[in-house]
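In: Predicted coordinates and the sequence they were generated for:
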Amino acid sequence: MKAIRRTKISDLLKSTAFGTEVNVRGWVRTRRSSKQVAFVALNDGSTIKNVQVVIDVEKFDEEMLKLLTTGACLSVNGMLVESIGGGQSVEIQATEIEVLGECDNTYPLQKKGQTMEYMRTVAHLRPRTNTFGAVFRIRHNMAYAIHKFFHDKGFYYFHTPIITASDCEGAGQMFQVTTMNLYDLKKDDEGSIKYDSDFFGKQASLTVSGQLEGELAATALGAIYTFGPTFRAENSNTPRHLAEFWMIEPEVAFNDITDNMDLAEEFIKYCVQWALDHCMEDITFLNNMIDKGLIERLRSIVDTEFVRLAYTDGIKILEEAVAAGHKFEFPVYWGVDLASEHERYLVEHHFKRPVILTDYPKEIKAFYMKQNEDGKTVRAMDVLFPKIGEIIGGSEREADYGKLLARIEELGIPMKDMWWYLDTRRYGSCPHSGFGLGFERLLLFVTGMANIRDVIPFPRTPNNAEF
């Protein structure tokens, strides 16, 4: 086969160099044939669109043509010509075809509709489909947009540990990391596990958040962000929860809660606008095939000002809705940790735009949040989105050593895990704020997908760690 430099299909479809010889390589999506001519739709992952390869059957070996099946990998040399058919501007008249990888009829992605549940059972192959190719190209673009946003604003990308001995949320739902034989654990006289001979010499876990270490960095570098995998050992089988997911956590010295809300709104609008500007082909496909209101909803986020609402006022609105006959599955009262249905009611029914809810009761929020003067609430903020509910959670952090220490003791958090964190309040403490964005929650919103397991390549959930 003649050596010709490969052209990506995304570039080829924009080309007007008709009459030139080109090489494309990719996987067969579909093939249709007559006695004289065969049409192969080839895709290489660079775009959701296929390039049509036109094959004069008489010019090729009959046995080789039998190998041009759905899923087969091909290298094609041919002439780039203007397409006379609808749906594409160019096509390739094949002169040489090499089958790089055969694919028989047991291929799980035959041309027929498959459920999302089935696709999760073949997660190693699902990126080859139109839907998941679109999702994962958008995922890349969102990751790039996040780094660009913070870099352009002068933030520093800070790498926090994945293995940690502290529990940021105090929830205890962490995956343990050990090299010990789980069938022969050494215990002390009280029956507690002895970690002296373990790799780290103490109990260690996978991180639930890089925030605490991020706060340390912000008090030195001014403005930082983390972006990495986090882990929660929650037995949550819902469309919104994963055991392994990615988090973005900016932390900024000298920012108060208002600055924090401004940053969160600017950040998420930037990401959505980036998707509209750079992923429109894929978004249009998902709008047509998955969620008919996707593009309209994305544009509405960019063009609207987020509502800023105190938790207490939000509860009043929800209580009024109940009094008027609206039925919620979970009860509404001051002090409750709002469920997704409550958050979505505020966003989708009452205000019809995103809401930033602030000043939550301190009892339902983490120990490190700055307490308000009323003694009952803290300077927390949650950004609530349509279809998702909470997409960002954050707060102004407690900068006062005495108040933070009292809260840690009140909640019974072991001081052996907190001494280093308290040092930032002992040595040159400063006001600072930050928030966390679950990357997959953002992707759910931007792609219109219904289940968080379908926006990460290999989902980790209870009873599932395949691939």
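Out: Structure's in. What do you need? Numbers count the residues shown, from 1 in each chain.

In: contacts and neighbour counts: CA atoms only from here.
Out: Fine.

In: tell me the mean pLDDT for the helix or strand hosting residue 30?
Out: Assigned by DSSP states H and E, residue 30 belongs to strand 21-33. Strand 21-33 carries an average pLDDT of 96.

In: Run through who's touching it.
Out: For strand 21-33, the external contacting residues (Cα atoms under 8 Å, 6 or more residues apart in numbering) are 4-9, 38-45, 50, 68-80, 111.

In: For ChimeraX, write the select line for the buried members of these.
Out: Selection of the buried residues among the contacts of strand 21-33 in ChimeraX, burial being defined by 16 or more other Cα atoms under 10 Å:
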select :8,9,38,39,40,41,42,43,44,45,50,68,69,70,71,72,73,74,75,76,77,78,79,80
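
In: which SS class is the residue nearest to the spatial centre of the chain?
Out: By Cα atoms, centre = their mean, the mean C-alpha position of the chain lies nearest to residue 440, the distance being 2.2 Å. With DSSP: H, G, I helix; E, B strand; the rest coil as the basis, residue 440 sits in helix.

In: Residue 199 too?
Out: Secondary structure assignment for residue 199 (three-state DSSP): coil.

In: Same check on residue 42?
Out: Per three-state DSSP, residue 42 ends up strand.

In: what about the residue lying closest to it once chain neighbours are set aside, neighbour count?
Out: Excluding the flanking residues, the one nearest residue 42 by Cα to Cα, 6 or more residues apart in numbering is residue 28, at 4.8 Å. Residues near residue 28, counting by other Cα atoms under 10 Å, number 23.

In: cool, residue 397 as well?
Out: By other Cα under 10 Å, 27 other residues sit near residue 397.

In: Run through the residues that contact it.
Out: Contacts of residue 397 (Cα under 8 Å, 6+ apart): 368, 369, 370, 379, 431, 432, 433, 434.

In: Take those residues and keep only those in strands.
Out: 379, 432, 433, 434 (DSSP state E).

In: what about residue 421, neighbour count?
Out: For residue 421, the count of nearby residues is 14 (other Cα under 10 Å).

In: Give me the nearest residue to residue 127, chain neighbours excluded.
Out: residue 133 (5.0 Å).

In: Please report the distance of that neighbour from residue 139.
Out: Per Cα to Cα, to the nearest Å, residue 133 is found 10 Å from residue 139.

In: How about the residue of the chain most remote from its centre, nearest residue that isn't a chain neighbour?
Out: In the chain, counting by Cα atoms, centre = their mean, residue 58 sits farthest out from the average C-alpha position, at 48.9 Å. Counting by Cα to Cα, 6+ apart, residue 36 is the residue found nearest to residue 58 once chain neighbours are left out, at 6.8 Å.

In: May I have the beta-bridge partners of the residue lying closest to residue 44 once chain neighbours are set aside?
Out: Leaving aside its sequence neighbours, residue 44 sits nearest to residue 26 (Cα to Cα, 6+ apart; 4.2 Å). Per DSSP bridges, residues listed as beta-bridge partners of residue 26: residue 74.

In: circling back: just confirm the residue farthest from the centre of the chain contacts residue 34, I think it does.
Out: No - counting by Cα atoms under 8 Å, residue 58 does not reach residue 34; the two are 11.2 Å apart.

In: mind listing the helices for the chain?
Out: Counting by DSSP state H, the chain has these helices, from start to end: 9-12, 62-65, 116-121, 130-152, 211-221, 257-278, 280-289, 294-303, 311-323, 340-344, 401-411, 419-426, 439-447.

In: Of these, flag the one that's most buried.
Out: Across those, the average number of neighbours (mean count of other Cα atoms under 10 Å) peaks for helix 439-447, which reaches a mean of 23.

In: And that helix, how far out from the chain middle?
Out: 5 Å (Cα atoms, centre = their mean, to the nearest Å).

In: Using PDB, write out every CA atom in it.
Out: Output of helix 439-447 as PDB, limited to C-alpha atoms (Å, rounded to 0.1, in the frame of the first residue of the first chain):
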ATOM      1  CA  PHE A 439     -16.500  17.400  37.300                       C
ATOM      2  CA  GLU A 440     -19.000  14.600  36.400                       C
ATOM      3  CA  ARG A 441     -21.900  16.800  37.600                       C
ATOM      4  CA  LEU A 442     -20.800  19.500  35.200                       C
ATOM      5  CA  LEU A 443     -20.600  17.000  32.400                       C
ATOM      6  CA  LEU A 444     -24.100  15.700  33.200                       C
ATOM      7  CA  PHE A 445     -25.300  19.200  32.700                       C
ATOM      8  CA  VAL A 446     -23.300  20.000  29.600                       C
ATOM      9  CA  THR A 447     -24.000  16.700  27.800                       C
END
